[in-house]
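> Just to be clear, the model below is a prediction. Sequence and coordinates:
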Amino acid sequence: MFSDGYQDQFGGPKDKKFMGKKLKHLLLNNSYLPMREQKDILNKEFDAWKGKNKQIDDVLVIGLKLSR
């Protein structure tokens with residue numbers, strides 16, 4: 001689950017929004033990794049995308065690990 005803050009952040013080479021499709025792709029491509037690594041990747045990607053722009057909204061990403 002996630003709030004709209006991550007996907008609505010402006011940045012990147014054209015100073016555009018990150019967008020939901022790109023966030024879902026990022027989550028799916030890293031879903032096999034341990035939770036700590038996923039968190040690190042999400043933080044690094046967000047900071048790299050944001051660059052020198054201000055953070056415009058709160059950002060919430062919640063991951064659940066289901067065990068048997």
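Cool, got the structure. Residues are numbered from 1 along each chain as shown.
> so which helix or strand takes in the closest residue to L26 other than its chain neighbours?
Of all residues not flanking L26 in the chain, E45 sits nearest, at 6.1 Å (CB to CB, 6 or more residues apart in numbering). Every residue, glycine included, has its C-beta placed from N, CA and C. Following DSSP states H and E, one finds E45 within helix 35-50.
> Counting by contacts, list what that helix packs against.
With contacts defined as 3 or more CB pairs under 8 Å, 6 or more residues apart in numbering; DSSP states H and E, the packing partners of helix 35-50 are strand 10-11, helix 20-29.
> Can you give me the buried ones in that helix?
By neighbour count with 16 or more other CB atoms under 10 Å, helix 35-50 contains the buried residues 38, 42, 45-46, 49-50.
> And that helix, how far out from the chain middle?
Centroid separation for helix 35-50 versus its chain: 6 Å, with CA atoms, centre = their mean, to the nearest Å.
> Just the residues contacting that helix, thanks.
Outside helix 35-50, the residues within contact range by CB atoms under 8 Å, 6 or more residues apart in numbering are 6, 9-12, 18, 26-27, 30-31, 33, 59, 61, 63, 65.
> Go ahead and confirm Q7 touches L23.
Yes: with contact defined as CB atoms under 8 Å, Q7 counts as touching L23 (4.8 Å).
> who's more crowded, the two?
Applying other CB atoms under 10 Å to Q7 and L23 shows that L23 carries more neighbours, namely 20 against 17.
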